[in-house]
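Engineer: pasting the sequence and the predicted model now:
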Amino acid sequence: MKICVLPGDGIGPEIMAEAVRVLKALDLKIEMEEALLGGCAVDATGSPYPDATQKLALAADAVLLGAVGGPQWDNNPREQRPERGLLGIRKQLGLFANLRPAILYPELANASTLKPEVVAGLDILIVRELTGDIYFGQPRGIEVREVDGQKQRFGFNTMHYTESEIRRILRVAFEAARKRSRKVCSVDKMNVLECTQLWRDVATETGKEYPDVELSHMLVDNAAMQLVKNPKQFDVMVTGNMFGDILSDEASMLTGSIGMLPSASLDADNKGLYEPSHGSAPDIAGKGVANPLATILSVAMMLRYTFANEAAAGRVEGAVKKVLGQGFRTGDIFEPGMKKVGTREMGDAVLAAL
Ligand code: IPM
Ligand code: MG
């Protein structure tokens with residue numbers, strides 16, 4: 001197994017160090033090689049996704065990513081922004097299927113801002129399309145144009161999907177639902193956007209291939225509302241790139257801390273990029289207080305999806321559950337009475353639990 005390790009920016013290197021320790025402790029036949037992605041890559045090479053990183057990522061079986069971004073690159077030209085690196089690697093590796101689970105660990109029931117009875121036992125999987133939509137659509141830009149009788153700046157992006165793009169992500173959602181509660185909710189904005197009318201039509205057609213899975217449709221504004229009103233009505237939610245970006249952040253907060261949530265971005269052959277759902281948290285970078293569990297849980301997803309090693313994945317997830325049960329908490333999930341630990345100590349605890 002060849003893994004390309006991209007620690008990235010902000011807290012990325014700290015949390016990645018713990019994930020790598022966990023991976024090494026599993027004693028699997030693994031080769032790891034590190035490279036630059038994001039702001040650190042811009043600083044070192046001028047590009048957020050340098051050639052050397054591209055070579056390594058293309059050759060690897062899986063990519064493990066910390067996080068990218070930070071305020072010091074906010075004023076860079078668009079092609080030298082850290083996010084460009086992330087979008088570039090997703091597109092180049094064809095990672096169209098982004099799986100973002102939102103699970104509430106019983107030990108963390110009080111960490112959510114919602115009432116415990118609303119979120120207790122929450123287990124949602126958001127399946128987000130990741131290489132299409134308005135994120136990549138052409139034409140795009142900011143230009144000066146003559147509009148409404150005056151020369152003015154004009155900003156534009158293009159939302160588009162082909163039916164094959166929609167069908168392949170719907171299939172991922174239906175297959176995932178078959179291993180869960182057999183319910184898929186497809187989210188769109190068909191009352192306004194033609195592109196998402198096509199989404200709904202193709203979702204309905206694809207649903208016929210999966211008569212054992214219940215398919216429902218929801219408009220994205222209502223979905224945002226239902227997620228906080230009654231999140232447990234959902235099992236698998238599937239949606240496009242932009243709606244999925246927004247809804248997955250919302251869903252993560254139902255669980256109390258985004259610091260607990262891993263994600264997988266897969267291509268058609270289960271090659272994948274695995275990263276925590278959270279960002280680079282520049283405000284706490286370098287302080288050794290970040291929660292490494294989302295990255296460690298991303299290692300578990302990698303073992304499950306790319307390496308089909310359910311036993312090792314289960315071991316890692318079991319160890320995380322154990323340390324929560326033992327009361328270890330980083331600042332983001334701390335409650336009085338628990339043991340407050342830093343990034344390294346949390347890693348130590350997971351290693352001990354393994
Ligand atoms: C995410 C992030 C990215 C996205 C940014 C950093 C480009 O918000 O992975 O959800 O919008 O996809
Ligand atoms: Mg996002």
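Structural biologist: Happy to help now that I have it. Ligands and ions are numbered 1, 2, ... in the order given.
Engineer: tell me if I'm right that residue 4 and residue 55 touch.
Structural biologist: No: look at residue 4 against residue 55 with CB atoms under 8 Å: they stay out of range, at 9.4 Å. C-beta coordinates here come from the backbone N, C-alpha and C atoms, glycine included.
Engineer: those two: who's more crowded?
Structural biologist: Using other CB atoms under 10 Å as the criterion, residue 4 and residue 55 rank with residue 4 on top: 25 against 12.
Engineer: could you say which helix or strand holds that one?
Structural biologist: Taking DSSP states H and E as the criterion, the element that holds residue 4 is strand 2-8.
Engineer: ok, the residue nearest to residue 128 when sequence neighbours are not counted to residue 293 distance?
Structural biologist: Spatial nearest neighbour of residue 128, chain neighbours left out: residue 244 (2.7 Å); criterion: CB to CB, 6 or more residues apart in numbering. Counting by CB to CB, to the nearest Å, the separation of residue 244 from residue 293 is 22 Å.
Engineer: cool, residue 159 as well?
Structural biologist: For residue 159 relative to residue 293 (CB to CB), the value is 35 Å.
Engineer: the two: which is more packed in?
Structural biologist: residue 293 (31 against 17).
Engineer: the more buried one and residue 172, how far apart?
Structural biologist: The spacing between residue 293 and residue 172, counted by CB to CB, is 25 Å.
Engineer: looking at it, residue 80 is touching residue 42, isn't it?
Structural biologist: Yes: taking contacts as CB under 8 Å, residue 80 lies within contact range of residue 42: 5.2 Å.
Engineer: between these two, what contacts are shared?
Structural biologist: Residues touching both residue 80 and residue 42 (CB atoms under 8 Å, 6 or more residues apart in numbering) are 48, 73.
Engineer: sec struct for the residue of the chain found nearest ligand 1, please.
Structural biologist: Nearest residue of the chain to ligand 1 (CB to the nearest ligand atom) works out as residue 83 at 3.8 Å. Assigned with DSSP: H, G, I helix; E, B strand; the rest coil, residue 83 falls in the helix class.
Engineer: hmm, which helix or strand of this structure has the shakiest average pLDDT?
Structural biologist: In the chain, no helix or strand scores lower on mean pLDDT, DSSP states H and E than helix 116-119, which sits at a mean of 91.
Engineer: what's the following helix or strand after that helix?
Structural biologist: Scanning forward in sequence from helix 116-119 by DSSP H and E, the next helix or strand is strand 123-129.
Engineer: pull out the buried residues from that following strand.
Structural biologist: Using 16 or more other CB atoms under 10 Å as the test for burial, strand 123-129 gives 124-129.
Engineer: again, but for stretch 19-39
Structural biologist: For stretch 19-39, a neighbour-count test (16+ other CB under 10 Å) marks 19-23, 25-26, 35-39 as buried.
Engineer: end-to-end on it?
Structural biologist: The stretch stretch 19-39 measures 21 Å between its terminal residues, going by CA to CA, to the nearest Å.
Engineer: mean confidence for it?
Structural biologist: Average pLDDT, stretch 19-39: 97.
Engineer: what does the stretch 51-200 of the chain put close to ligand 1?
Structural biologist: 69, 83, 86-87 (CB under 6 Å from any ligand atom).
Engineer: looking at those, which are in helices?
Structural biologist: Using DSSP state H, 83, 86-87 are the members of those that sit in helices.
Engineer: quick check: phi and psi at the closest residue to the residue of the chain closest to ligand 1 other than its chain neighbours.
Structural biologist: Closest residue to residue 83 apart from its sequence neighbours, by CB to CB, 6+ apart: residue 69 at 6.2 Å. As for residue 69, its main-chain torsions (degrees, to the nearest 10) stand at phi 110, psi 160.
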